[in-house]
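[1] Predicted model follows, preceded by the sequence.
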Amino acid sequence: MAPMEGVVDWPLRFAISRYSEIDYFVTEFMRVTTQVYPPHEFYKYCPELLQTSLINNVPVGFQLLGGGAHTIAANAVAAVQLGARGIDLNFGCPAKTVNRHDGGATLLQHPERIHEIVRETRSRLPASIPLSVKMRLGFSDKHLAHENFAAAVKGGASWITIHGRTKDQMYKPSADWHSIAKLNQPNLLPVFANGDIFSITDFVECHKTTGTKQFMLGRGLLANPFLVREIKAFIRQEPLPVIGDSLTNLLAEFFVACVHFKSQAYAISRMKQWMNSLRQHFPFVQDAFDELRILRDEAFVERLWTLLDFSSTDVQFVNEKIEPLVPRVFHSRAWWKTQSTQTQATQSATSNSNHDSALSKMSGTTNSDAFLEARNLN
């Protein structure tokens with residue numbers, strides 16, 4: 001799943017992983033400037049580090065964004081020492097604020113810097129830890145697409161995800177899958193196609209056009225959290241899954257997870273945000289969104305449970321099921337200092353073993369290509 005900033009946080013990863021057959025998550029980016037961050041900052045972006053970097057048995061990679069090779073590499077090492085199963089480098093974020101501060105898609109104007117960052121990071125990480133890159137086709141245009149791709153390959157990227165637009169194009173016009181096809185070199189490394197996969201039809205067309213066998217879904221998965229299940233059923237030539245009560249259960253669990261993760265106010269805001277995407281695909285959510293969008297506080301909560309047809313007993317059950325699974329990330333700095341000391345002592349004693357088995361835990365193999373091996377779509 002694509003690491004969309006301000007959207008794909010822990011509660012959403014939790015909900016998606018319970019109701020989808022997704023293979024891999026990447027966190028929202030942690031912006032790196034001049035320092036190596038303390039452990040509590042890593043836990044904030046990736047609470048799964050406290051749970052062996054898995055969420056419902058789905059591995060989670062840690063994404064970094066920045067323009068300094070040495071500090072990016074040093075923070076990548078810190079993330080791995082805390083238990084990250086993979087590192088992803090962001091060269092695709094189109095946000096103006098990020099680009100003004102030497103991060104994200106602005107690096108697409110400088111292939112040599114992409115190479116430097118990837119090479120430095122790769123050289124500092126254990127060989128068993130995959131290092132992936134996410135990029136767009138270019139900044140203002142596509143004339144450096146091949147140079148940027150080659151820079152990441154030469155630097156030692158394990159795989160590359162390509163969003164089929166330039167930075168200036170943001171999310172319009174349609175993703176250029178033909179340009180992804182020109183970059184796809186499966187003999188070199190896996191290439192993940194990203195952009196405008198909202199349905200099985202889109203998926204099939206993207207595969208035919210790009211020739212890739214790996215895909216990263218973003219807004220399409222937000223609109224339909226069951227899309228991966230549907231695609232995999234299609235590939236296996238099985239009947240499409242019946243949604244049934246899964247959507248209402250997913251929304252209930254997401255809301256409760258947000259409450260326990262931060263607060264009720266946060267849960268209400270995030271629920272409105274996600275429902276705004278879900279209503280594109282589900283008429284039920286459109287009707288509910290029309291009612292809930294203007295409500296606040298307890299009025300929102302009471303109406304939500306009514307619309308989901310959840311009784312007080314149902315709500316209590318969901319609370320009791322979800323609450324123990326929520327990682328505690330908003331402790332005091334003193335607590336984190338103690339926690340970090342204990343974690344680092346344990347990991348120092350077992351670092352070699354952990355490094356050798358990192359990919360094995362992800363996929364049952366120590367070969368990153370095997371972990372990413374695509375299903376045969378031909």
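    All right, it came through fine. Everything quoted here is computed from the prediction, not taken from an experiment. Numbers count the residues shown, from 1 in each chain.

[2] Over to residue 121: give its phi and psi.
    Residue 121 has phi and psi values of phi -70, psi -50 when expressed as degrees, to the nearest 10.

[3] Could you measure from it over to residue 171?
    Taking Cβ to Cβ, to the nearest Å as the measure, residue 121 falls 28 Å from residue 171. Glycine gets a C-beta too; all of them are placed from N, C-alpha and C.

[4] what about these two, which has more around it?
    Between residue 121 and residue 171, counted using other Cβ atoms under 10 Å, residue 121 has the larger neighbour count: 25 against 13.

[5] With adjacent residues omitted, what lies nearest to the more buried one?
    Excluding the flanking residues, the one nearest residue 121 by Cβ to Cβ, 6 or more residues apart in numbering is residue 73, at 4.4 Å.

[6] Over to the one you found. Which of the three states is it?
    At residue 73 the chain is in helix, as set by DSSP: H, G, I helix; E, B strand; the rest coil.

[7] Measure how buried it is and give me the count.
    Per other Cβ under 10 Å, the neighbour tally for residue 73 reads 25.

[8] Model confidence for residue 326, exactly?
    Here, the pLDDT recorded for residue 326 equals 89.

[9] go on, residue 367?
    With respect to pLDDT, residue 367 has a value of 33.

[10] what's the answer for residue 123, then?
    Looking at residue 123, its pLDDT is 98.

[11] try residue 139
    On the pLDDT scale, residue 139 gets 98.

[12] pretty sure it is touching residue 169, no?
    No. Applying Cβ atoms under 8 Å as the test, residue 139 and residue 169 come out as separate, 10.2 Å apart.

[13] do you know how far residue 3 is from residue 217?
    12 Å.

[14] For residue 257, grab the count of nearby residues.
    For residue 257, the neighbour count with other Cβ under 10 Å is 25.

[15] How about residue 279?
    17.

[16] how far away is it from residue 124?
    Note on residue 279: its distance to residue 124, by Cβ to Cβ, is 44 Å.

[17] This protein: strands as residue ranges?
    Using DSSP state E, the strands of the chain run over 25-26, 30-31, 54-55, 58-65, 87-91, 131-138, 159-166, 191-194, 214-216.

[18] can you redo these as TSV with distance to residue 222 and mean neighbour count?
    Listed next are those as TSV, based on distance: least, Cβ to Cβ, whole Å; neighbours: other Cβ atoms under 10 Å:
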stretch	distance to residue 222	mean neighbour count
strand 25-26	13	24
strand 30-31	21	19
strand 54-55	17	20
strand 58-65	17	25
strand 87-91	19	26
strand 131-138	17	26
strand 159-166	15	25
strand 191-194	14	26
strand 214-216	13	22
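
[19] will you turn those strands into a markdown table that also has distance to residue 104?
    Formatted as a markdown table, the strands of the chain follow (distance: least, Cβ to Cβ, whole Å):
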| stretch | distance to residue 104 |
| --- | --- |
| strand 25-26 | 14 |
| strand 30-31 | 9 |
| strand 54-55 | 25 |
| strand 58-65 | 6 |
| strand 87-91 | 6 |
| strand 131-138 | 9 |
| strand 159-166 | 11 |
| strand 191-194 | 15 |
| strand 214-216 | 16 |
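
[20] among those, which is nearest residue 234?
    strand 214-216 (12.8 Å; Cβ to Cβ).

[21] for the closest one, packing partners?
    Applying 3 or more Cβ pairs under 8 Å, 6 or more residues apart in numbering; DSSP states H and E, we find strand 214-216 packed against strand 191-194, helix 200-210.

[22] repeat that with 6 Å
    On a contact count with 3 or more Cβ pairs under 6 Å, 6 or more residues apart in numbering; DSSP states H and E, strand 214-216 meets strand 191-194.
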